[in-house]
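Enquirer: below are the sequence and a predicted model; questions follow.
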Protein chains: 2
Amino acid sequence: MIIVGELINASRKSIKEAIEAQDVKTLRAIAKDQESAGAHYIDVNAGVFEKGEADHLKWLVEIVQDVVDVPCCIDSPNPAALEAALSVHQGTPMINSITLEKDRCDKLLPIIAGTDFKVVALCMSDKGMPRTAEERLSVAEGLVDILLKNNIKVQNIFVDPLVQPVATDQSFGREFLEAIEAIMKRFEGIHTICGLSNISFGLPERRFLNQTFMVMAITKGLDAAIVDPLDKRMMGNIVSAEALAGRDRFCMNYLKAYRGHQLDF
Amino acid sequence: MIIVGELINASRKSIKEAIEAQDVKTLRAIAKDQESAGAHYIDVNAGVFEKGEADHLKWLVEIVQDVVDVPCCIDSPNPAALEAALSVHQGTPMINSITLEKDRCDKLLPIIAGTDFKVVALCMSDKGMPRTAEERLSVAEGLVDILLKNNIKVQNIFVDPLVQPVATDQSFGREFLEAIEAIMKRFEGIHTICGLSNISFGLPERRFLNQTFMVMAITKGLDAAIVDPLDKRMMGNIVSAEALAGRDRFCMNYLKAYRGHQLDF
């Protein structure tokens, strides 16, 4: 499972404040903790700053990469902010995210075309948010087609089928899960990814529902996730589901996590 | 989800002792507790008694049905014991289980042919235990064919694809899950069922792995389970997974369970 640590996102109040205060120590500690907990990418997002997103994002990449060995997941639809962040990023980043919305797509393609960047392709188009698995697959096909034509390798594409709350429509969970399966079958070597906490919007015990839905998504083939790697119960669910799905040779990751007392089971 | 409460099984020491002591009060309390916790069937198993299984099983059915309104799942491959239990059972029981082993199959068919009994069809044949999803589907096809020919309706068949420990072979979880999906697709209206605790044999934190595997099996279409309905965390996982899978209209069961403080999330 490819883990993108989601914590350094300025839409969270404490992170916004830390960025405003240029609190390098706090932000670096969060980056390091996520790496230690198994994050393969550290998401950085400064989207709440209407002015200065580019400067903040560039700064975040610098201070994060000073203390971790993993690359960043640069989380912005803003070309200027992406370019600023990329100008200082070391190694191969993940870009989060391109969509099939014409305006966004046109602006981001020149930045990623022909690179080895990992690219999150969010299933959103000018027709709005997809509701069914079929609609998600259709948007994914459009996105993959464009990305391949722009010399992004299929194994660098991470399709996010876009989670919507099951409390809004009881079919939303099932349609998302079916989309995961359909996308993984349709494009050999592709990845699927999601930030899944939207699934539980409007319901009680959200953390538990999110953990359960993660297990369900892994069952359908999800192989990357934007999560809080410090959530030991979530990580326990991920490690367990991977072992049970036959994606953990001799259950070695599971046993290692158990013996290291790293996770909650 | 159709829940078969598994607790009254004489392979558990406390149950064996309660049966030997004819401790009606204890056994009735366990039956009632399981019914209150949502069991649709109360499993009764006296298979550890080499002599007297028939008498014990009959007695169990009687004392259980004195206090619960749900039918029993009569759990024995022994025709004499099944017939004794059936002679006193009220309502429509579940029979657990027929297999494709010729000897067992020949002995049980006369008892169930043409009835409305629910029948657990365990994917086991004279070739031994199946290893792959394909082998499980093949045994399931053989069993369903025989049951249909003996006038058992497809909607009364509960196929158990047979869980094997993932610690023995890392593919065992995946093959089981794929079998669930294949069987549900192959026969419209059929059910799948399992007692899944074998999956975690040989690994630590078995309860957690069992809960996680239950969520995965529900994701693949499992619609019945032989479990401990008093395990509030397991039941919390089941209710959550069903809501997320779109099998709980308006998430009403989930919200009811949450508000009633019945389950652990």
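Expert: Happy to help now that I have it.
Enquirer: count of residues packed around the closest residue to residue A:78 other than its chain neighbours?
Expert: Excluding its sequence neighbours, the residue lying closest to residue A:78 (Cβ to Cβ, 6 or more residues apart in numbering or on different chains) is residue A:53, at 5.8 Å. Where you see a C-beta, it was placed from the backbone N, CA and C, and this is true even at glycine. By other Cβ atoms under 10 Å in any protein chain shown, 21 other residues sit near residue A:53.
Enquirer: try the one 3 residues further on
Expert: Neighbours of residue A:56 under the rule other Cβ under 10 Å: 24.
Enquirer: same question, residue A:260
Expert: 8.
Enquirer: next: residue A:155.
Expert: 12.
Enquirer: do the same with residue A:249
Expert: Applying other Cβ under 10 Å, I find that residue A:249 has 9 neighbouring residues.
Enquirer: also residue A:8?
Expert: Per other Cβ under 10 Å, the neighbour tally for residue A:8 reads 25.
Enquirer: now it, nearest residue through space, not along the chain?
Expert: Distances taken as Cβ to Cβ, 6+ apart put residue A:44 closest to residue A:8, at 5.2 Å, once the chain neighbours are dropped.
Enquirer: wouldn't the residue nearest to residue A:78 be in contact with residue A:81 here?
Expert: Yes - using Cβ atoms under 8 Å, residue A:53 is in contact with residue A:81, at 4.5 Å.
Enquirer: follow-up on the earlier one: secondary structure element for the residue nearest to residue A:8?
Expert: In the assignment (DSSP states H and E), residue A:44 maps to strand A:41-44.
Enquirer: who does that strand pair up with?
Expert: strand A:2-5 (parallel), strand A:72-75 (parallel) (DSSP bridges).
Enquirer: which of the residues in it are buried?
Expert: A:41-44 (16 or more other Cβ atoms under 10 Å in any protein chain shown).
Enquirer: what does stretch A:200-216 give?
Expert: Buried residues in stretch A:200-216 (16+ other Cβ under 10 Å): A:200, A:203, A:205, A:208-216.
Enquirer: could I get the strands paired with strand A:41-44 as CSV with distance to residue A:136, mean neighbour count and mean pLDDT?
Expert: CSV is the format used below for these (distance: least, Cβ to Cβ, whole Å; neighbours: other Cβ atoms under 10 Å in any protein chain shown; pLDDT from 0 to 100):
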stretch, distance to residue A:136, mean neighbour count, mean pLDDT
strand A:2-5, 20, 23, 98
strand A:72-75, 21, 28, 98
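Enquirer: tabulate those (JSON lines), appending distance to residue A:147.
Expert: Below are those laid out as JSON lines (distance: least, Cβ to Cβ, whole Å):
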{"stretch": "strand A:2-5", "distance to residue A:147": "18"}
{"stretch": "strand A:72-75", "distance to residue A:147": "17"}
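Enquirer: backbone phi and psi for the closest residue to residue A:197 other than its chain neighbours, please?
Expert: Of all residues not flanking residue A:197 in the chain, residue A:210 sits nearest, at 5.3 Å (Cβ to Cβ, 6+ apart). Here is the backbone geometry of residue A:210 (degrees, to the nearest 10): phi -60, psi -40.
Enquirer: isn't residue A:210 up against residue A:194?
Expert: No - between residue A:210 and residue A:194 there is no contact under Cβ under 8 Å: 10.8 Å.
Enquirer: about what we covered before: who wins for proximity to residue A:175 among the strands paired with strand A:41-44?
Expert: Ranking the strands paired with strand A:41-44 by proximity to residue A:175 (Cβ to Cβ) places strand A:2-5 first, at 23.1 Å.
Enquirer: tell me which strands and helices the very next helix or strand once past that closest one is in contact with?
Expert: As assigned by DSSP H and E, the chain's next helix or strand after strand A:2-5 is helix A:13-20. Where contact means 3 or more Cβ pairs under 8 Å, 6 or more residues apart in numbering or on different chains; DSSP states H and E, helix A:13-20 is packed against helix A:24-36, helix A:53-67.
Enquirer: okay, the angle between helix A:13-20 and helix A:24-36?
Expert: 130 degrees (axes from the mean of the first three to the mean of the last three Cα atoms, to 10 degrees).
Enquirer: buried set for helix A:13-20?
Expert: In helix A:13-20, counting by 16+ other Cβ under 10 Å, buried: A:15-16, A:18-19.
Enquirer: for stretch A:33-46, same thing?
Expert: A:34-35, A:37-46.
Enquirer: farthest pair within these?
Expert: For these, and using Cβ to Cβ, no pair is farther apart than A:38 and A:46, which are 24.0 Å apart.
Enquirer: next, the contact list for the residue nearest to residue A:78, please.
Expert: A:46-47, A:76, A:78, A:80-81 (Cβ atoms under 8 Å, 6 or more residues apart in numbering or on different chains).
Enquirer: what pLDDT does the model give it?
Expert: pLDDT for residue A:53: 97.
Enquirer: check the gap between it and residue A:157 for me.
Expert: 25 Å (Cβ to Cβ, to the nearest Å).
Enquirer: for residue A:97, same thing?
Expert: With Cβ to Cβ as the criterion, residue A:97 and residue A:157 are 11 Å apart.
Enquirer: what residues are shared contacts of those two?
Expert: Contact criterion Cβ under 8 Å, 6+ apart; residues bridging residue A:97 and residue A:157 by contacting each: A:119, A:121.
Enquirer: for the nearest residue to residue A:110 once chain neighbours are set aside, grab phi and psi.
Expert: In space, and not counting its chain neighbours, residue A:110 is closest to residue A:79: 7.9 Å by Cβ to Cβ, 6+ apart. Main-chain torsions, residue A:79, degrees, to the nearest 10: phi -60, psi -40.
Enquirer: spit out the contact partners of the residue nearest to residue A:9 when sequence neighbours are not counted.
Expert: Closest residue to residue A:9 apart from its sequence neighbours, by Cβ to Cβ, 6+ apart: residue A:45 at 4.1 Å. By Cβ under 8 Å, 6+ apart, the contact list for residue A:45 reads A:8-11, A:57, A:75-76.
Enquirer: repeat that for 6 Å
Expert: A:9-10, A:75 (Cβ atoms under 6 Å, 6 or more residues apart in numbering or on different chains).
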